[in-house]
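>>> Task: produce atomic coordinates for the following.
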Amino acid sequence: MISIIIPAHNESSVIARTLKAITAEAVPGELDVIVVCNGCSDDTAEVARRFGSEVRVIETSIPGKTHALNLGDEAAQGFPRIYADADVVISTEAVRSLARRLERQDVLAVAPAPAFDFSGCSWPVRACYQIRSLLPSAQEGIGGSGVYALSEAGRMRFREFPLLTADDGYVRIQFQPNERETLHSVNSMVFPPRTLKDLIATKTRAHYGSFELALLFPGLWQNRGESNKRSLIRLFLDPRLWFKLAIYCTVTVIAKRRAQGRIQLGSMAWERDNTSRATA
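Modelled structure (predicted):
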């Protein structure tokens, strides 16, 4: 049985879309889907319960993604174990593909490659994602696709999820590059922020998560993978990309500076993009 843990905080606008895709082609007993509603003030739990016995719902008054992931792990019944964001769409067959890859036992962690729905996104947002697609970080699904899967041996690499901003980044650095794999033939659908302002907010959170991991786990941080810097410099050799590169670099500099400031303050409010959820 494949266990799928979905932490959800006020996700009533998107949770049905996510669950419908995951369970659409599942046969009885194939999937163990757990939605962990954490600190919700909307009807996320009610919407999830409409899927009946196919989906189990756990509610906690404590908000926080890593706390929700730990509750889901305590309740999960099977392996491999898949962790999915509530606003990401992944099909039943994609879930099966992740599980089949782990069954070969030569890697311990896998993730799909992200596909992006740019409906309603501004041109600058699209430009940033075009540049991103040309960088090494875009080739790593553990971080960016909203979904990752662990074998039982892979899950044993760490105990509970620690109180961190970037759970996916934490999972990624538990494994050396040869122990993890992005399946480029398998996709999860990710919905980017619609506006540049919201993109900067989500990138600030992402960079904060990376800085946090580098500070707390300097040894494990060496497993993060190839840096974007050299590839980014090479892209400047193509004049056709200069304007898009200027937008991408501006967003990156602003987000990193904001994240560094918050690292110094020792706090990071959870900045969530709601523009991509508004029309779900």
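>>> Could you use CA atoms for every contact and neighbour count after this?
OK.
>>> how about R205, secondary structure?
Recorded secondary structure, R205: helix (DSSP: H, G, I helix; E, B strand; the rest coil).
>>> so it makes contact with T165?
Yes - with contact defined as CA atoms under 8 Å, R205 reaches T165; the gap is 7.4 Å.
>>> ok, and what's touching stretch 36-53?
5-13, 15-16, 19, 35, 55-65, 68-69, 71-72 (CA atoms under 8 Å, 6 or more residues apart in numbering).
>>> do the same with stretch 241-256
Taking CA under 8 Å, 6+ apart as the rule, stretch 241-256 contacts P124, A127, C128, I131, I200, A201, K203, T204, H207, Y208, L235, F236.
>>> now the helices for the stretch 51-200 of the chain?
Assignment of helices within the stretch 51-200 of the chain using DSSP state H, counting those that start in this stretch yields the ranges 65-75, 92-103, 123-132, 152-155, 167-172, 196-216.
>>> Might you quantify the distance of the fifth one from its chain's geometric centre?
The reference is to helix 167-172. 9 Å (CA atoms, centre = their mean, to the nearest Å).
>>> Among the contacts of stretch 241-256, which one lies nearest to R172?
H207 (15.0 Å; CA to CA).
>>> what's the neighbour count on the closest one?
21 (other CA atoms under 10 Å).
>>> From G144, how far off is the nearest residue to A21 once chain neighbours are set aside?
Nearest in space to A21, with sequence neighbours left out and distances taken as CA to CA, 6 or more residues apart in numbering, is S91 at 4.9 Å. Distance, S91 to G144, using CA to CA, to the nearest Å: 17 Å.
>>> ok, now L235?
21 Å.
>>> Looking at these two, which is more packed in?
Shown here are L235 and G144; by other CA under 10 Å, G144 has more neighbours (21 against 16).
>>> that older thread, show me which of the contacts of stretch 241-256 are buried.
Taking 16 or more other CA atoms under 10 Å as the criterion, what is buried in those is P124, A127, C128, I131, I200, A201, K203, T204, H207, Y208, L235.
>>> which one of those is nearest G225?
Using CA to CA, the buried ones among the contacts of stretch 241-256 come closest to G225 at H207, 15.3 Å.
>>> which residues does the closest one contact?
A255, K256, A259.
>>> same thing with A166?
So A166 contacts A206, G209, S210, L213 (CA under 8 Å, 6+ apart).
>>> May I see those residues organised as TSV, with pLDDT added?
Formatted as TSV, the contacts of A166 follow (pLDDT from 0 to 100):
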residue	pLDDT
A206	94
G209	95
S210	95
L213	96
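>>> If you count neighbours, what's buried in stretch 218-234?
For stretch 218-234, by 16+ other CA under 10 Å, it's L220, W221, R224, L232.
>>> Looking at those residues, which is nearest L31?
Distance to L31 across these (CA to CA) is lowest for R224, with 30.4 Å.
>>> for the stretch 51-200 of the chain, what are the low-confidence residue spans?
Under the criterion pLDDT under 70, no range of the stretch 51-200 of the chain is flagged.
>>> just to revisit the earlier point, export the helices of the stretch 51-200 of the chain to JSON lines and tack on distance to A246?
Conversion of the helices of the stretch 51-200 of the chain to JSON lines gives the following (distance: least, CA to CA, whole Å):
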{"stretch": "helix 65-75", "distance to A246": "33"}
{"stretch": "helix 92-103", "distance to A246": "35"}
{"stretch": "helix 123-132", "distance to A246": "9"}
{"stretch": "helix 152-155", "distance to A246": "39"}
{"stretch": "helix 167-172", "distance to A246": "26"}
{"stretch": "helix 196-216", "distance to A246": "13"}
